[in-house]
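Participant: whatever this is, show me its structure:
(chains A and B)
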Amino acid sequence: MSYSTKVIDHYENPRNVGSFEKSEHNVGTGMVGAPACGDVMKLQIKVNAAGVIEDARFKTYGCGSAIASSSLLTEWVKGKTLEEATAIKNTQIAEELALPPVKIHCSVLAEDAIKAAIADYQAKKTNQ
Amino acid sequence: MDPSSVVNPFALFGLKPTFEIDGQQLAETFRSLQRVVHPDRFANASDQERRQSVEQAAAVNDAYQVLRDPVLRGRSLLALRGVDAKEDAGTFQDTAFLMEQMELRERLGDIRESSDPFRLLVEIKELLRERRVAMINEVSAFFRTDTPEAWSQAAEKIRQLRFFDRLTEEAITLEDRYYCSPSGSAD
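Facilitator: Coordinates of the predicted model:
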């Protein structure tokens, strides 16, 4: 199986790698894993007072497609409202990266990660 | 062929469908079954018999791969009990467990920058081994209880075990890189 040039680009030059302080009030953290392959993905968002995602970080231990999916997603969510970010579908990620059928689950993982990060942020807000 | 596509690997090996298996006895049964169905024994047989022997040899191989691996064996047992333990469906979201996975992955990553990678590799491999043994024992206990509730607990533990298997594979890959490169560098 060969990777698309977009996957290779994100794999070789991943955008927004790293972490935010998990406990910060304006940070939402999504941790997800794929039991099928053992991949682990952490996606974090920093949200401003207007409910817009100002910044995003990821850390993924997995194959090239999982890294590319999370890297691309951090680029996409920046500047988006939480609502807009929630609407991102794994099919859009898979299409953009030209993922083959066996790697579709990597894009699903990324979609679940952003949803988990948003849910974490919203749970934090309600508890404040 | 996909090893997990064998319907009942236990029956093929004349075993009761239990999680606990005597590894040595399993290997012996495998060797004797291999001898019985080996295609070489059917060199002068009819086309149909030869084809059957090839298929049977493949089934024996696949069943052995399932039976000797705790994750595949556990999934097969769950399937026999009608529990759909499909790993592909669904994302794992146990945050505490995944945080530990992240930390262990980071520890593996740190080994590359360490001045004493061999000691760290030995340590992490020992830790992974201990955790794996403990988890396999838990899966065993769930299968001994053998109730629908215990099956779903076993399924959850098997999913976790898959992550530890993956970490172990990564540790072995890293170890190979150290032992195979003459300078002792991982890069």
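
Participant: go through whichever strand or helix holds B:A58 and flag the buried ones.
Facilitator: Element membership for B:A58, per DSSP states H and E: helix B:47-68. Buried residues in helix B:47-68, defined by neighbour count with 16 or more other CB atoms under 10 Å in any protein chain shown: B:S53, B:Q56, B:A57, B:A59, B:V60, B:N61, B:D62, B:A63, B:Y64, B:Q65, B:V66, B:L67. (Glycine included, C-beta is placed from N, CA and C.)

Participant: can I get it as CSV, trimmed to CA atoms?
Facilitator: Listed next in CSV are the C-alpha coordinates belonging to helix B:47-68 (Å, rounded to 0.1, in the frame of the first residue of the first chain):
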residue,chain,number,x,y,z
ASP,B,47,-6.6,-33.7,-7.5
GLN,B,48,-9.5,-33.3,-5.1
GLU,B,49,-7.7,-35.0,-2.3
ARG,B,50,-4.7,-32.9,-2.8
ARG,B,51,-6.7,-29.7,-2.8
GLN,B,52,-8.4,-30.8,0.4
SER,B,53,-5.1,-31.4,2.0
VAL,B,54,-3.8,-27.9,1.1
GLU,B,55,-7.0,-26.4,2.6
GLN,B,56,-6.8,-28.5,5.7
ALA,B,57,-3.1,-27.6,6.2
ALA,B,58,-4.0,-23.9,5.9
ALA,B,59,-6.9,-24.4,8.4
VAL,B,60,-4.6,-26.1,10.9
ASN,B,61,-2.0,-23.3,10.5
ASP,B,62,-4.7,-20.6,11.0
ALA,B,63,-6.2,-22.3,14.0
TYR,B,64,-2.8,-22.6,15.6
GLN,B,65,-2.2,-18.9,15.1
VAL,B,66,-5.5,-18.1,16.9
LEU,B,67,-5.0,-20.6,19.7
ARG,B,68,-1.5,-19.6,20.7
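
Participant: counting contacts, what elements does that helix pack onto?
Facilitator: Applying 3 or more CB pairs under 8 Å, 6 or more residues apart in numbering or on different chains; DSSP states H and E, we find helix B:47-68 packed against helix B:9-12, helix B:23-37, helix B:70-80.

Participant: averaged over its residues, what pLDDT does the second one have?
Facilitator: Averaged across helix B:23-37, the pLDDT comes to 93.

Participant: who's in contact with that helix?
Facilitator: Counting by CB atoms under 8 Å, 6 or more residues apart in numbering or on different chains, helix B:23-37 makes contact with B:12-15, B:41, B:53, B:56-57, B:60-61, B:64, B:67-68, all of which sit outside it.

Participant: try 7 Å this time
Facilitator: Outside of helix B:23-37, the residues within contact range by CB atoms under 7 Å, 6 or more residues apart in numbering or on different chains are B:F13, B:G14, B:S53, B:Q56, B:A57, B:V60, B:Y64, B:L67, B:R68.

Participant: and B:E126, how many neighbours?
Facilitator: Using other CB atoms under 10 Å in any protein chain shown, the number of residues around B:E126 comes to 10.

Participant: what about the residue nearest the centre of chain B, distance to chain A?
Facilitator: By CA atoms, centre = their mean, chain B has its centre lying nearest to B:D69, at 3.1 Å. Summarising the geometry, the distance separating B:D69 from chain A, computed by CB to the nearest CB, to the nearest Å, is 14 Å.

Participant: and that residue, backbone torsions?
Facilitator: Comment: the main-chain dihedrals of B:D69 come out as phi -100, psi 120, following degrees, to the nearest 10.

Participant: could I get the average pLDDT for the longest helix belonging to chain A?
Facilitator: If you go by DSSP state H, chain A has its longest helix at helix A:104-127. Along helix A:104-127, the predicted confidence averages to a pLDDT of 94.

Participant: same for that helix, what does it pack against?
Facilitator: For helix A:104-127, the helices and strands in contact under the criterion 3 or more CB pairs under 7 Å, 6 or more residues apart in numbering or on different chains; DSSP states H and E are strand A:27-34, strand A:39-47, helix A:64-77, helix A:82-86, helix A:90-97.

Participant: rewinding a little: which members of the contacts of helix B:23-37 are the farthest-apart pair?
Facilitator: Maximum pairwise distance among these (CB to CB): 22.5 Å, between B:S53 and B:R68.

Participant: out of the contacts of helix B:23-37, which is nearest to B:A150?
Facilitator: Each of those was checked against B:A150 using CB to CB; the closest is B:L67, at 20.7 Å.

Participant: residue contacts, that closest one?
Facilitator: For B:L67, the residues meeting the contact criterion (CB under 7 Å, 6+ apart) are B:P9, B:F13, B:I21, B:L26, B:R73.

Participant: those residues into a markdown table, with extra columns for distance to A:A123 and neighbour count?
Facilitator: What follows is those, written out as a markdown table (distance: CB to CB, whole Å; neighbours: other CB atoms under 10 Å in any protein chain shown):
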| residue | distance to A:A123 | neighbour count |
| --- | --- | --- |
| B:P9 | 44 | 25 |
| B:F13 | 49 | 18 |
| B:I21 | 44 | 16 |
| B:L26 | 48 | 16 |
| B:R73 | 38 | 25 |
